[in-house]
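Asker: I'll drop the sequence and a predicted model, then ask my questions.
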Amino acid sequence: MRGATVRFRLAGKARLGVVIEVRPDLVNIAYGTSEPHDDWPQVVVHPETRQGRALGLREVTYFYGANTSWERPEDLQFGKTPCAKELLYAIVELVVNYRLQAGDERLPADEPAE
Amino acid sequence: MRWLGSLRPRLQKSVAEHVATEEEQQVLYLIEFAASRFGDPLLHATSVDDLDDRLDALTDSPEALHCTELLAPHMPLVQASLPMSAALLAAAAGHRQDDVPGQVIKDPPRILEAWLDAQRQAAQLMWSSDATRVSVAPFAGTDPPVEIENLIFHGLRANFCGLAIEQVFSAGRLIPVWLAGALANRLVVSAREHLRLLASLPGVSVDEAIIPAAERLDFAAIEARHQRAKAASQRSYELARERLGL
């Protein structure tokens, strides 16, 4: 299931993302946003790329290290195509870097960055 | 992969002439299985995206690991064969540097030679005299840090591309120019990435002109970072469970 592309609702908004970690009862998802923040570490996915097509993007989408959420698997709509491996590793590395920099001061929370 | 190119026809000849040993027969079956299982599907790619999807899917296959494990005891036989020329491999596969915009790989044959040689050194370290050394290889277990996982992925991808190219040689078949270029580029780019991992292994020697010291991995630092990341993930998971009342 790691690397699966998913759609789900978070704080009332439809989100699309990638499963980056699987636990027995929850999965951790890195989700994308259309909101650019030029000075934040990010992974950018364009809709016309292989990765963009796998995610079903309609617009340029930004992944940030803080944009992760633990969700119940039953609340997710799984995509047919998995995330490309290179994109998955880039996103996981982004999230890991964020968590390490945030340390104990700010744990990854389910708060949209936009 | 380097050795398969020259070993396979020799083993095929021995089997055909009924002079092959049992070990040679086993190795030939393994080589033919690997080439068919991992090389052939790539040769049926219909586009670059399709090729990348196929490569991603193959790297998830547990059979890749099983094949490596089955070939491991036969490494002395495999390595006794003359290696396939990396220069030939790159040139015959139609490698062109301008096929990958933004990625400039200098001297692909030299990189491939270094990568193939580093694999041989790593295999010797792990399997030649003391099988327990496999288990002490850095991050040999499950749950590797993402940096390592990414480089292992590149190692598999490079080997699958190499097997596909070897299938082309072996069968003398023709493939579209775009596919030859895409396979060769992925072979070189991924070999270069995987070589960073191999060059960082204690006991494996790689020219610093090919992989500079600054690009090699500090396994102790990566492991420490990985443990911190896992702890942070665990805290985040526990908070989420609390919030969701689980």
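Answerer: That came through fine.
Asker: surely residue A:10 meets residue A:33?
Answerer: No. Contact between residue A:10 and residue A:33 fails when scored by C-beta atoms under 8 Å: they sit 10.4 Å apart. Backbone N, C-alpha and C define where each C-beta goes, glycine included.
Asker: and chain B, which of its residues are near chain A?
Answerer: Proximity of chain B to chain A, by C-beta under 8 Å from any C-beta of the partner chain, involves residues B:49, B:52-53, B:56, B:59, B:146-147, B:149-150, B:153, B:225, B:228-229, B:232-233, B:235-237, B:239-241, B:243-244, B:246.
Asker: 6 Å instead?
Answerer: Along chain B, the residues adjacent to chain A under the rule C-beta under 6 Å from any C-beta of the partner chain are B:49, B:52, B:56, B:146, B:150, B:153, B:228-229, B:232, B:235-237, B:240, B:246.
Asker: grab the nearest non-local neighbour of the closest residue to chain A within chain B.
Answerer: Closest contact between chain B and chain A, by C-beta to the nearest C-beta, is at residue B:240 (3.5 Å). In this structure, residue B:240 finds its nearest non-sequential neighbour in residue A:70, 3.5 Å apart by C-beta to C-beta, 6 or more residues apart in numbering or on different chains.
Asker: that's a helix at the one you found, yeah?
Answerer: No. When the secondary structure is assigned by DSSP: H, G, I helix; E, B strand; the rest coil, residue A:70 falls in strand instead of a helix.
Asker: next one: it from residue A:41, what distance?
Answerer: Applying C-beta to C-beta, to the nearest Å, the value for residue A:70 to residue A:41 is 21 Å.
Asker: residue B:62 too?
Answerer: 34 Å.
Asker: so between those two, which is more surrounded?
Answerer: Each of residue B:62 and residue A:41 has its neighbours counted (other C-beta atoms under 10 Å in any protein chain shown); residue A:41 has more, 14 against 7.
Asker: ok, which stretches of chain A are helices?
Answerer: With DSSP state H, the ranges of helices along chain A come out as A:50-55, A:85-102.
Asker: against which helices or strands is the shortest one packed?
Answerer: Packing contacts for helix A:50-55, counted by 3 or more C-beta pairs under 6 Å, 6 or more residues apart in numbering or on different chains; DSSP states H and E, involve no helix or strand.
Asker: hmm, who's touching it?
Answerer: Applying C-beta atoms under 6 Å, 6 or more residues apart in numbering or on different chains, the external contacts of helix A:50-55 come out as A:5, A:16, A:45-46, A:81, A:84, A:87, B:49, B:52.
Asker: give me the buried entries from those residues.
Answerer: Buried subset of the contacts of helix A:50-55 (neighbour count, 16 or more other C-beta atoms under 10 Å in any protein chain shown): A:5, A:16, A:45, A:84, A:87, B:52.
Asker: tell me the spacing between the nearest residue to the fifth one once chain neighbours are set aside and residue A:8.
Answerer: With sequence-adjacent residues excluded and distances taken as C-beta to C-beta, 6+ apart, residue A:87 is closest to residue A:51, at 4.5 Å. As defined by C-beta to C-beta, residue A:51 lies at a distance of 19 Å from residue A:8.
Asker: same deal with residue B:170?
Answerer: When C-beta to C-beta is applied, the distance between residue B:170 and residue A:8 equals 47 Å.
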